[in-house]
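Visitor: Sequence plus the predicted model coming up.
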Amino acid sequence: MQKIELNSLTIEELEEYIYNIGEQKYRGEQLFTFIHKNQGRNIENISVFSKGLRDKLEKVSKINQLKIFKRFDSKVDNTKKYLFLLEDNNIIEGVAMEYKHGLTACISTQVGCRMDCSFCASTKEGLIRSLTPAEMVSQIYMMEEDLNDKISNIVLMGSGEPLDNYENVIKFLNIIHHEKGHNTSYRNITLSTCGLVPKIYSLADEEMPITLSISLHSPFDEDRRKIMPIGNKYSIDEIMEACRYYNNKTNRRITIEYTLIEGVNDRIADLNELVKILRGISCHVNLIPLNPIKEFSQGRPSRINIERFEKSLAKAGIPVTIRREMGGDINASCGQLRRRYTDERY
Ligand code: SF4
């Protein structure tokens, strides 16, 4: 019999689960606090439960655990990159970054990814499987325990397309935000998507005012399709329309991620079109100079070109920043480290 993964359940689901096994509902809240506030890992340590109840729970349920398989420390900026080992021996990545406003965790939502963006190492073996909510929260708890510090900001930007694992990601958000648990403000959470339009509408309707980040990377459909196959399914116009809906529903400004690739999307025509399509959208553009991967031959634009792009956007009234590269010496880009490890392993 498959055991129920207790740390994948929302507080309401835990209350219902506990009630259905013949216990009082409030035990569900105690269990939630034990797992998500106290970061308890073993059912046998739930001291507020009787031995009988702990034994009963152990038979039918478990608290899913990841293990830290390896940690890589950047010498330049204190970024820590983790490889986590899942119970089924799959490996995922997480990154902890120190900013002035606190510790930020970048977590994975899937093992691999099926979106096939050409500049991304996470997708080279396709999608292996989606992560459970427990496997997402555990990445955060493991980093906190390891660094002995509280994570205040979370970005869903590791391997995987979060909106391709929609139900589990929504549950994860619900769990990590809950005041009886980790209590992370929705405003401190960013979800990055390559543009699964129907799911952007669904997310807007969830009433979880997280920051939505769109991986755009080109303002032209034809060019975008060459580097992001999802562009064959949803056009840039459709994505922008969904962004307007998200703005209106959540009152949140959208982040537009734009990886600058030399000669591909850093031309004057790209700049002008980008300004045009973003008109009327409350957004902020994050320029990401390409971190080359061995599977993708294109290069990083020169510093001058990057700054020219930034200045021109700012002049057009669009808030813009160049993303500071974190952990450049430890392959901290999405999927690079896991890919290197799996390459070595097989
Ligand atoms: S960039 Fe994101 S959506 Fe695209 S393949 Fe990589 S993980 Fe998937």
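Guide: Okay, I see it.

Visitor: use CA for all of it now, contacts and neighbours both
Guide: Fine.

Visitor: who touches Met157 in this structure?
Guide: Going by C-alpha atoms under 8 Å, 6 or more residues apart in numbering, Met157 touches Cys106, Ile107, Ser108, Leu191, Ser192, Cys334.

Visitor: In those residues, find the pair that's most separated.
Guide: Spatially, the most separated pair among those is Leu191 and Cys334, at 14.0 Å (C-alpha to C-alpha).

Visitor: Contact residues of the stretch 201-346 of the chain facing the ligand?
Guide: Proximity of the stretch 201-346 of the chain to the ligand (C-alpha under 6 Å from any ligand atom) involves no residue at all.

Visitor: follow-up on the earlier one: who has more neighbours, Leu191 and Cys334?
Guide: Cys334 (24 against 19; other C-alpha atoms under 10 Å).

Visitor: Point to the residue nearest the middle of the protein.
Guide: Leu156 (1.0 Å; C-alpha atoms, centre = their mean).

Visitor: Closest to the ligand out of the contacts of Met157?
Guide: Cys334 (6.7 Å; C-alpha to the nearest ligand atom).

Visitor: picking up where we left off before, quick one: the closest residue to the residue nearest to the centre of the chain other than its chain neighbours from Arg253, how far?
Guide: Distance criterion C-alpha to C-alpha, 6 or more residues apart in numbering; nearest residue to Leu156, sequence neighbours excluded, is Leu191 at 4.8 Å. Going from Leu191 to Arg253 by C-alpha to C-alpha, to the nearest Å gives 13 Å.

Visitor: So the residue nearest to the centre of the chain sits against Asn188, correct?
Guide: No - applying C-alpha atoms under 8 Å, one finds Leu156 not in contact with Asn188, separated by 11.2 Å.

Visitor: Where does the residue nearest to Leu156 sit: helix, strand or coil?
Guide: Put simply, Leu191 is strand when judged by DSSP: H, G, I helix; E, B strand; the rest coil.

Visitor: Bridged to it, which residues?
Guide: Per DSSP bridges, the residues bridged to Leu191 are Leu156, Leu212.

Visitor: Please list all residues in contact with it.
Guide: Leu191 neighbours (C-alpha under 8 Å, 6+ apart): Val155, Leu156, Met157, Pro162, Ile210, Thr211, Leu212, Ser213.

Visitor: The same query, at a cut-off of 10 Å, please.
Guide: Neighbour list for Leu191: 154-157, 161-163, 169, 173, 210-214, 255 [criterion: C-alpha atoms under 10 Å, 6 or more residues apart in numbering].

Visitor: how about the helices in the stretch 51-200 of the chain?
Guide: Using DSSP state H, counting those that start in this stretch, the helices of the stretch 51-200 of the chain run over 51-60, 133-147, 166-177, 197-205.

Visitor: From the contacts of Leu191, which one has the minimum pLDDT?
Guide: The lowest pLDDT within the contacts of Leu191 belongs to Met157, with 93.

Visitor: ok, that one to Asn148 distance?
Guide: On the measure of C-alpha to C-alpha, Met157 and Asn148 end up 23 Å apart.

Visitor: Check Lys75 too.
Guide: 19 Å.
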